[in-house]
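Asker: How does the following fold in three dimensions:
(2 chains)
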Amino acid sequence: MALVLNEDQQLLKDSAKSFCQQNAPVSMLRKLRDSKDSDGFDRQLWQQMIDLGWAGMAIPEAYGGFDFGYGGLGVVLEETGRTLVSSPLISTVLLAATAINELGSEQQKQELLTKIVIGELLVALALDERTSHAPSHISTTAKQSGDGFILNGSKTFVLDGHVAQKLIVVARTSGTIDSEQGISLFIVDSNVEGVNCQRSWMVDNRNSANIQFTDVKVGADALLGELDKGFSGLDKTLDVARIGIAAEMLGSMQAVFDSILEYLKQREQFGVLIGSFQGLQHRAAEMYSEIELCKSTVRAALAALDDADKSQEEIASLASVAKAKLCDVMMLVSNEGIQMHGGMGMTDEFDVGFFIKRARVAQQFLGDATFHRDRYATLNKF
Amino acid sequence: MQALSEFQESTRAWLEQNCPESMRTPMVQEEIVWGGRNASFANPDSELWLQRMADKGWTCPGWPAEFGGGGLDKEQAIILSEELARINARPALTSFGISMLGPVLLEYASHQQKMEFIPKIVCGEIRWCQGYSEPGAGSDLASLGTKAELQGDYYLINGSKVWTSYADQADWIFCLVRTDSEVPKHSGISFILFDMDSEGVSTKPIQLISGSSPFCETFFDDVKVPAGNLVGRLNEGWTIAKRLLQHERTMISSFGLSASGQSDRGGTTSSVASLEGAAMHYRGDTEKLSDPVLRDQIAQFKIDSEAFAFTSQRSVEESKKGQGPNATSSMLKNYGCELNKRRYELLLRAIGSQGLGWEGEGFSDEELQLTREWLRSKANSIEGGTSEIQLNVIAKRVLGLPDMLSMSKK
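Answerer: Predicted coordinates:
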């Protein structure tokens, strides 16, 4: 398994890095927040990202994508994490496109993936129902009715739910409330009758929504994947996204750490640079070590996604390793980001606050560290 | 590629023929082969295995064939280690000559010195010990005071060393000595090799909290050492000393690596083969570990171990082009040691009171050994430079933070 980037990936990473720094610095997120932007992301920037091919990175060529693998999408996500780019990359590409690619019929893939790649379609995954991640805990129902289904229930923490044209709704078609069996996925237009979407303003300034489904009628062709057997493909999708979010967090933590190092080398107190204090040096050295471990873990997990020999169980275990590890270190680095900058770190004017806000949302999203340690233990049979 | 797959095939075939069956079983403490003039082989297969591997130079696969090494390039060496791992082959030879001294001799020694010392490391003829720490020079290693004075064609050595691993069983010592006391401390140190049988050398084992005595005090009283045994330039030994420490740290960091495998205590069997296995076994759990807090902590430990193993692997891949270990060896050393200590603390909790026996009938040999290994592990973050020293090195060499000592002198 290659844990260092190949030449193509390195080139992509370098160009993504300079793109984000020039076109989407943290100040852009600040502007979206201050203007209470109704979309919550910049459409022009999204179009530029589309033009760079980022939406089709991991999508097969047959559906208009570039087959560059998750290793490619991963380095892009890492760089977007570095400047906290707010875009539909996570909702539409990482989650929805993966779900369609994993579960969809040939026709669904042709119709939907090709549109995602060229930026014509935004899709959100409506999964969570409780305030903490529990992907098999599904009480939203889809009852067969005639040729189609009728959906009822409510979803929360739906990333980009208010801007998506289509929603992938995880619903129960049979089984008890916590059972993996009996879960099915449906593609629902967000503007049909009975879908009531309420945007929620989250601390990280990205968009999330609470969505209520009341007697929403869909046709038989809305079903994504097999009836009652959607969980396995959903779980694989979530693992891809967990690894992708880990890559994004890797970029964010490096940005915070770079800022810490810079400050330690320039701030003077007691007549010396504060970076000469051993108390701070050791904390910086420990953070450095943890971030190095994060880098290797994210690379290993991304490489596994592109490795056809890896089983879904191996990928699941690695996804939980990556998400748990990155959450722990993100917690550490974002907290130290404030503390080591002193009073400056507490000001809104300084960027580090944006990172701790995004950090907590990213940590919670698709399972926090404890969720993934529990999952890892279960997967490894203890 | 063609050549590599041929190499793999021939290596696999050779190992199949030449690695004795008993050498494909987990290593046990008493059968580790250290070599040396007084080498003992608890298992006769060990001797055979050593001889066969040494003949091919495969105890030191990457060292030049000219000096008895295997002469393999990086790709071949990786294949050899994969093939060895595939059949669970035991290391044919374990020695500080291989892990610490040899690499710096190859880098700094004269051709004549290489010819003299390296082949004997490869075949395990000479067992080496490390003369670094002194009673007054621990973390501040460069303040060492063991003196070497040039008297015609030999150096006269006086002083003492401490924490000399296996000094009482070693044949030769690689030793840091002060050859100039008038200059700043780092600039008056030299690196010298001598026979532990020389007149004036004596050793005294130190009993540790674990009950064993792997370390010694070592005394030098007017020891005469030929001037030609000095390695590198006079008074420039600190450079060699630091380089050797990087190799030592890489070696010690591998203690953390063994934590990442499924068998947390490779070499032992049965109920304590893995942390979670031990925890479940001693609680009588079958499906799920019943202590939720311990379960979470074991999961966290194993996740950190996996992340650490990936990092070690990445560092190998990155050094393919580079020059071997660098300052990141401090990071790996520090993290690996802390992981190993965590592993033993968790093992104790997993096993409960049966993991705290000292002697007698109520405990299995394995349980008694665990108690001692747990205590021994506490030295991991002290030997080869304390964890605090490693963090200093990272701060200074990797992160480029200002040196607190030079700042405070201003």
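Asker: residues contacting A:L113?
Answerer: A:59, A:63-65, A:97, A:100-101, A:104 (Cβ atoms under 8 Å, 6 or more residues apart in numbering or on different chains). (Glycine included, C-beta is placed from N, CA and C.)
Asker: buried residues in the helix ranked longest in chain A?
Answerer: Assignment by DSSP state H gives helix A:231-264 as the longest helix of chain A. For helix A:231-264, burial by neighbour count (16 or more other Cβ atoms under 10 Å in any protein chain shown) applies to A:231, A:233-257, A:259-261, A:263-264.
Asker: Report whether it contacts chain B.
Answerer: Yes - under the criterion of Cβ under 8 Å from any Cβ of the partner chain, helix A:231-264 makes contact with chain B via A:261, A:264.
Asker: just checking, what packs against that helix?
Answerer: helix A:69-82, helix A:98-103, strand A:183-189, helix A:278-305, helix A:312-340, helix A:352-364 (3 or more Cβ pairs under 8 Å, 6 or more residues apart in numbering or on different chains; DSSP states H and E).
Asker: Of the ones you listed, flag the one that's most buried.
Answerer: Ranked by mean neighbour count, these are led by helix A:69-82 with a mean of 26 (mean count of other Cβ atoms under 10 Å in any protein chain shown).
Asker: so the host helix or strand of A:T156 versus helix A:231-264, what angle?
Answerer: Using DSSP states H and E, A:T156 maps to strand A:148-159. With axes from the mean of the first three to the mean of the last three Cα atoms, to 10 degrees as the basis, strand A:148-159 and helix A:231-264 are set at 10 degrees to each other.
Asker: what's the following helix or strand after strand A:148-159?
Answerer: Reading on from strand A:148-159 to the C-terminus, the next helix or strand found by DSSP H and E is strand A:166-172.
Asker: ok, which stretches of chain B are helices?
Answerer: All helices of chain B, identified by DSSP H, fall at B:2-18, B:44-55, B:74-86, B:96, B:102-108, B:111-122, B:237-257, B:275-283, B:292-319, B:328-351, B:365-377, B:387-393, B:404-409.
Asker: how does chain A divide up, domain by domain?
Answerer: A:7-120, A:124-224, A:231-379 (automatic domain parsing).
Asker: Include mean pLDDT when you put those into a markdown table, please.
Answerer: Putting the domains of chain A into a markdown table (pLDDT from 0 to 100) gives the following:
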| stretch | mean pLDDT |
| --- | --- |
| domain A:7-120 | 96 |
| domain A:124-224 | 96 |
| domain A:231-379 | 97 |
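Asker: of all those, which lies closest to B:P26?
Answerer: Using Cβ to Cβ as the measure, domain A:231-379 is the one of the domains of chain A that comes nearest B:P26, at 24.6 Å.
Asker: Now do the end-to-end distance for that closest one.
Answerer: Domain A:231-379 has its terminal residues 16 Å apart, counting by Cα to Cα, to the nearest Å.
Asker: And for stretch A:91-99?
Answerer: Length of stretch A:91-99, first residue to last, Cα to Cα: 11 Å.
Asker: same thing with stretch B:93-109?
Answerer: End-to-end distance of stretch B:93-109 (Cα to Cα): 23 Å.
Asker: packing partners for the strand holding A:T156?
Answerer: Applying 3+ Cβ pairs under 8 Å, 6+ apart, one finds that strand A:148-159 contacts strand A:123-126, strand A:141-145, strand A:166-172, strand A:183-189, strand A:207-218.
Asker: so it versus strand A:166-172, what angle?
Answerer: 110 degrees.
Asker: which neighbours does strand A:148-159 have in its sheet, and in what orientation?
Answerer: Counting by DSSP bridges, the strands paired with strand A:148-159 are strand A:141-145 (antiparallel), strand A:207-218 (antiparallel).
Asker: Return the set of buried residues in that strand.
Answerer: Neighbour counts using 16+ other Cβ under 10 Å place A:148-153, A:155-159 of strand A:148-159 among the buried residues.
Asker: out of these, who's nearest B:R376?
Answerer: Nearest to B:R376 out of the buried residues of strand A:148-159 is A:F157 (Cβ to Cβ; 48.5 Å).
Asker: Quickly note the distance from the residue nearest to the closest one when sequence neighbours are not counted to A:L264.
Answerer: Once flanking residues are discounted, A:F157 sits nearest to A:D128: 4.7 Å by Cβ to Cβ, 6 or more residues apart in numbering or on different chains. Separation of A:D128 from A:L264 (Cβ to Cβ, to the nearest Å): 39 Å.
Asker: The stretch 251-382 of chain A against chain B: which residues are in contact?
Answerer: A:261, A:264-265, A:272-273, A:275-278, A:281-282, A:284-286, A:288-289, A:292-297, A:299-300, A:320-321, A:324-325, A:328, A:370, A:373-374, A:376-378, A:380, A:382.
Asker: same thing but at 7 Å, please
Answerer: The stretch 251-382 of chain A comes close to chain B at residues A:261, A:264-265, A:272-273, A:275-278, A:281-282, A:284-286, A:288-289, A:292-293, A:296-297, A:299-300, A:321, A:324-325, A:370, A:373, A:376-377, A:382, as judged by Cβ under 7 Å from any Cβ of the partner chain.
Asker: Can you report how many residues neighbour A:G194?
Answerer: Other residues near A:G194 come to 15 when the count uses other Cβ atoms under 10 Å in any protein chain shown.
Asker: That one reaches A:T214, doesn't it?
Answerer: Yes - because the distance of 4.5 Å satisfies Cβ atoms under 7 Å, A:G194 is recorded as touching A:T214.
Asker: residues in contact with the residue nearest the centre of chain A?
Answerer: Of all residues in chain A, the one closest to the mean position by Cα atoms, centre = their mean is A:I245, 4.1 Å from it. Applying Cβ atoms under 7 Å, 6 or more residues apart in numbering or on different chains, we find A:I245 in contact with A:323, A:362, A:365-366.
Asker: Repeat the analysis, applying 8 Å as the threshold.
Answerer: Applying Cβ under 8 Å, 6+ apart to A:I245 gives the contacts A:77, A:90, A:94, A:323, A:326, A:362, A:365-366.
Asker: buried ones in stretch B:173-184?
Answerer: In stretch B:173-184, the ones that count as buried by 16+ other Cβ under 10 Å are B:173-179.
Asker: Deepest in the core, which of the strands paired with strand A:148-159 is it.
Answerer: For the strands paired with strand A:148-159, the highest mean count by mean count of other Cβ under 10 Å goes to strand A:207-218, at a mean of 20.
Asker: from the chain's centre, how far out does that one sit?
Answerer: From the chain centre to the centre of strand A:207-218 is a distance of 21 Å (Cα atoms, centre = their mean, to the nearest Å).
Asker: then that strand to CSV, C-alphas only?
Answerer: Output of strand A:207-218 as CSV, limited to C-alpha atoms (Å, rounded to 0.1, in the frame of the first residue of the first chain):
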residue,chain,number,x,y,z
ASN,A,207,-25.8,24.7,5.7
SER,A,208,-27.8,22.1,7.3
ALA,A,209,-31.5,21.5,7.3
ASN,A,210,-34.3,19.9,9.3
ILE,A,211,-36.7,18.2,6.8
GLN,A,212,-40.2,17.0,7.5
PHE,A,213,-41.8,14.4,5.1
THR,A,214,-45.6,14.3,5.3
ASP,A,215,-47.3,11.8,3.0
VAL,A,216,-44.7,12.3,0.3
LYS,A,217,-45.6,10.2,-2.8
VAL,A,218,-42.8,8.8,-4.9
